[in-house]
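Visitor: Here is the input, now give the coordinates:
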Amino acid sequence: MQKKVLYFLEHHRSMDIAVATREEMLLLSEVCSSTNEFWESRLRIVFQLLFTSIKVGSNHPAISEHVVLPCLRIISQACTPLKPDIVDKEAGGKSSQTVPLKDDNSQSVGKGASYLDFVRRQYKVSQVFKGAGYRSRPQRYDFLALKYRLRWKRRACARNNLLSFELGSWVSGLILSACSQSIRSEICILVNLLCSQSSVRQFRLLNLLMTWLPSTLSAAENAEEYFELLFKMIETEDARLFFTVRGCSSTICKLITQEVNNIESLERSLHIDISQGFILHKLIELLGKFLEIPNIRARFMRDNLLSEVLEALIVIRGLVVQKTKLISDCNMLLKDLLESLLQESNDNK
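Guide: As a prediction, this is how the structure comes out:
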């Protein structure tokens, strides 16, 4: 299956990718949905196909829709934790063949137990099996099993950290993809799933998202899913304070100034785009989201960033040819933002 898909990708210019890969990708999706001891090798194949398809043609519509998108959906499905009712159903279906355990095990599964907690419970499970008449193994076997499980876990985590995920440009290429909205939505779902599993991973991915913010200037409306994900991830005050400490407010103001200058440079042209101002509108909304917190507003004024916002407002109010509905909304947003800052204290005035 893997060799066939790779062959199709290599010769995608001379064949119909949609027809050639449909059956193989459906079969791969069905196989990956089953749970057994071969799940890791199947996911390895999915990642190999994903990276190869991105390398061959991430901007190719057929490859994106019929190879990249199914691979992303399989990975998202693998990263999605099982619901408690599904775990209970599976446990209930096997109750006739297994010995019932205590409730603390199932409760920890529902809460998301760590791998170390899982292996530590193996001794309790073995004791239950011994009491039920099962043949027991020597204690040394259990010790060696625990030892090598932990060794495998350490090595797997050392190789499978987020460094390759962060440094690789494939994520930014998909989250701002110009050829498929489905891919943009799916990669945002995957990032959201990864954030929900660990607070440390969430802040690392937040930092990763912020590094992609300058790339949105050229993405225009293709960055809609990206901004939806970013707004969702900065709902907490801690996330916005984290970004502020890393100079996010200054970065946003610079991007607002750069986008305003780009729009002003088009003022002499006769070309009018009704979507002009989409990124500027999102950047102003993002800045307003940060300035809802008093500490961030105080630092904003202390860093003398108000002048950049004021200059952007002056340029926007002077636009004539490029004055679209979104530009008018940006004018109102900047005006309200400045008034709220000036009315806060006499020092700001």
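
Visitor: CA only for contacts and neighbour counts going forward, please
Guide: Fine.

Visitor: and Gln197, helix, strand or coil?
Guide: Secondary structure state of Gln197, per DSSP: H, G, I helix; E, B strand; the rest coil, is coil.

Visitor: I'd like to know how many residues surround it.
Guide: Around Gln197 sit 14 other residues, with neighbours defined as other Cα atoms under 10 Å.

Visitor: so how far is Phe203 from it?
Guide: 12 Å (Cα to Cα, to the nearest Å).

Visitor: And Ala78, by the same measure?
Guide: From Ala78 across to Phe203, the span is 22 Å (Cα to Cα).

Visitor: give me the element Ser307 is part of.
Guide: Per DSSP states H and E, Ser307 falls inside helix 306-317.

Visitor: tell me how far that helix is from the chain's mean position?
Guide: In terms of Cα atoms, centre = their mean, to the nearest Å, the centre of helix 306-317 is set 32 Å apart from its chain centre.

Visitor: and it, which residues are buried?
Guide: For helix 306-317, the neighbour count (16 or more other Cα atoms under 10 Å) marks Leu306, Val309, Ala312, Leu313, Ile316 as buried.

Visitor: and Thr21, which of the three is it?
Guide: Going by three-state DSSP: Thr21 is helix.

Visitor: in terms of contact, does it touch Val5 like I think?
Guide: Yes: using Cα atoms under 8 Å, Thr21 makes contact with Val5 at a distance of 6.3 Å.

Visitor: any weak-confidence spans in the stretch 1-150 of the chain?
Guide: 8, 82-138 (pLDDT under 70).

Visitor: got the residue ranges for the helices in it?
Guide: Here the stretch 1-150 of the chain has its helices, by DSSP state H, counting those that start in this stretch, at 2-10, 17-33, 39-57, 61-63, 69-79, 84-93, 103-111, 115-120, 122-131, 139-159.

Visitor: quick one on the thing from earlier: I'd like the average pLDDT over the helix or strand just after the helix holding Ser307.
Guide: Sequence order places helix 325-342 as the next helix or strand after helix 306-317, per DSSP H and E. Helix 325-342 shows a mean pLDDT of 88.

Visitor: Distance of the residue nearest to Pro70 when sequence neighbours are not counted relative to Glu10?
Guide: If you skip the residues right next to it in sequence, Pro70 has Met25 as its closest partner in space, 6.9 Å away by Cα to Cα, 6 or more residues apart in numbering. Distance, Met25 to Glu10, by Cα to Cα: 16 Å.

Visitor: what do you get for Gly277?
Guide: 40 Å.
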